[in-house]
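J.: sequence-free structure coming up:
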């Protein structure tokens with residue numbers, strides 16, 4: 001199957017992959033360096049100052065980082081009065097000149113600073129790591145959300161789907177990439193290299209990841225796929241050490257059983273929807289016998305919800321747990337009407353439907369703690385994704401198989417009105 005999209009591979013040749021520069025030193029304080037970078041008119045000097053800023057940032061302690069983000073938040077913020085005056089001018093005279101002035105004033109100076117910092121060789125990865133520090137500071141300094149909003153705005157542009165490269169991860173991939181797959185796996189722990197080999201090497205297993213040309217050795221997100229006969233209802237069977245490998249001519253189902261985000265600094269920037277749909281399309285092209293595309297997903301909020309509705313003991317009754325899990329997935333909502341379960345929000349928001357619920361599907365310590373061992377299949381019907389997505393987005397309507405809807409109705413009488 002195609003290992004990458006053509007545009008992404010072309011862009012990969014255009015990016016400077018040299019490691020982040022560490023030789024440029026400048027003794028000026030960070031705020032002064034940032035102001036100098038914003039004022040710089042020449043490209044070469046701008047790159048040098050940008051490198052100096054990023055070098056200096058890496059050297060400061062936590063207090064210095066907090067001071068840096070406070071500088072961005074307060075000194076490089078919007079000028080509300082100037083915007084108000086320019087908005088009135090534009091309202092009175094919507095000329096191109098007034099529009100340009102209003103547009104320029106409506107962008108905080110920190111956005112231009114981030115853009116200029118990103119011109120330094122290797123800076124994209126450094127800025128992604130910088131946002132990790134910002135996210136940590138938000139816990140105690142929520143006012144910094146203004147700066148984070150600008151950060152996310154630019155990162156979404158820089159990590160647009162058109163710039164991403166889809167690659168298949170195999171047992172022959174570079175060791176540095178394989179090590180990161182082990183480290184970043186967030187759903188089903190990879191304990192050993194043999195464990196990783198069992199997920200990559202057999203002919204009925206696949207792993208795909210998105211990369212960005214500016215971070216060619218850092219996976220952004222990856223999905224692990226099992227090729228099966230029929231829809232599985234247990235992760236133990238999928239990951240069994242002793243399972244029999246299924247020949248490619250006998251498989252009819254692709255199971256997305258683990259999807260992991262790799263870059264904490266890209267939190268809030270969604271790649272998963274594009275990844276699953278692209279992999280499904282490519283697998284359908286590579287393996288015409290594969291007609292069914294499903295997940296085998298955790299239900300991370302189920303136990304908490306059962307405790308909230310006073311039915312925590314249901315985890316000991318597999319039949320009741322199955323019904324209540326269906327009820328939770330279809331009826332438990334956030335205040336804005338979206339599914340309460342975060343994994344359900346993700347897949348339903350991508351156009352999938354709730355296909356089947358399986359008690360006893362994940363008997364790991366984590367699986368039992370978060371869902372009593374239950375898991376769920378979300379079905380990606382390529383012919384219905386757009387329809388499901390529209391109904392979910394416009395009406396918050398959850399698509400589900402009839403059997404799941406029946407289970408949810410049967411559970412209703414066990415929950416207090």
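T.: Done, it's in. Computed from a prediction, not measured in an experiment: that's the story for all the values here.

J.: Would you mind confirming that residue 101 makes contact with residue 86?
T.: Yes. Under the contact definition of Cβ atoms under 8 Å, residue 101 touches residue 86, with a separation of 5.4 Å. Any C-beta I mention is one placed from the backbone N, CA and C, and that applies to glycine too.

J.: need the contact list for residue 71.
T.: By Cβ atoms under 8 Å, 6 or more residues apart in numbering, the contact set of residue 71 is 30-31, 34.

J.: Just the buried residues of those.
T.: By neighbour count, with 16 or more other Cβ atoms under 10 Å, the contacts of residue 71 hold 30, 34 as buried.

J.: Closest to residue 384 out of the contacts of residue 71?
T.: Residue 384 lies nearest to residue 34 out of the contacts of residue 71, by Cβ to Cβ, at 49.9 Å.

J.: Now do the same for that closest one: helix, strand or coil?
T.: Classification of residue 34 by DSSP: H, G, I helix; E, B strand; the rest coil places it in helix.

J.: just checking, it touches residue 113?
T.: Yes. Between residue 34 and residue 113 there is a contact at 5.7 Å, judged by Cβ under 8 Å.

J.: Next, please give the residue ranges for the helices of the stretch 51-200 of the chain.
T.: 62-75, 80-92, 96-105, 109-117, 123-137, 145-158, 175-184, 193-200 (DSSP state H, counting those that start in this stretch).

J.: Reformat those as TSV; add distance to residue 214.
T.: TSV is the format used below for these (distance: least, Cβ to Cβ, whole Å):
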stretch	distance to residue 214
helix 62-75	22
helix 80-92	32
helix 96-105	27
helix 109-117	13
helix 123-137	4
helix 145-158	8
helix 175-184	16
helix 193-200	26
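
J.: follow-up on the earlier one: go through the contacts of residue 71 and name the one nearest residue 367.
T.: Within these, distances to residue 367 taken as Cβ to Cβ reach their minimum at residue 30, with 45.6 Å.

J.: List the contacts of the closest one.
T.: 53, 56-57, 60, 64, 67-68, 71.

J.: now the residues you listed in JSON lines, with distance to residue 268 and pLDDT?
T.: Converted to JSON lines, the contacts of residue 30 look like this (distance: Cβ to Cβ, whole Å; pLDDT from 0 to 100):
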{"residue": "53", "distance to residue 268": "24", "pLDDT": "95"}
{"residue": "56", "distance to residue 268": "27", "pLDDT": "93"}
{"residue": "57", "distance to residue 268": "21", "pLDDT": "95"}
{"residue": "60", "distance to residue 268": "25", "pLDDT": "93"}
{"residue": "64", "distance to residue 268": "25", "pLDDT": "94"}
{"residue": "67", "distance to residue 268": "24", "pLDDT": "96"}
{"residue": "68", "distance to residue 268": "21", "pLDDT": "97"}
{"residue": "71", "distance to residue 268": "23", "pLDDT": "97"}
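
J.: Of those, which count as buried by neighbour count?
T.: Applying 16+ other Cβ under 10 Å to these flags 53, 56-57, 68, 71 as buried.

J.: returning to that earlier point: so for residue 101 and residue 86, which sits in the more crowded spot?
T.: Between residue 101 and residue 86, counted using other Cβ atoms under 10 Å, the more crowded position is residue 86 (20 against 16).

J.: quick one: that one and residue 113, what's the gap?
T.: Going from residue 86 to residue 113 by Cβ to Cβ, to the nearest Å gives 21 Å.

J.: and if you look at residue 146?
T.: 14 Å.

J.: Neighbour count for those two, which is higher?
T.: Neighbours per residue, other Cβ under 10 Å: of residue 146 and residue 113, the larger number sits with residue 113, 20 against 16.

J.: I figured the more buried one hits residue 40, correct?
T.: No. Using Cβ under 8 Å, residue 113 makes no contact with residue 40, being 11.2 Å away.

J.: the domain parsing of this protein - what is it?
T.: The chain is divided into the following domains under automatic domain parsing: 17-158, 162-295, 298-412.

J.: Which residues are in contact with residue 303?
T.: Per Cβ under 8 Å, 6+ apart, neighbours of residue 303: 312, 315, 369-372.

J.: repeat that with 7 Å
T.: By Cβ atoms under 7 Å, 6 or more residues apart in numbering, the residues touching residue 303 are 315, 369-372.

J.: Mind checking which of those are buried?
T.: Of those, these count as buried by 16+ other Cβ under 10 Å: 315, 370-372.

J.: with those residues in mind, which one is nearest to residue 76?
T.: Taking the buried ones among the contacts of residue 303 together and measuring to residue 76 by Cβ to Cβ, the closest member is residue 370, at 41.4 Å.

J.: Please report the distance of that closest one from residue 298.
T.: 6 Å.
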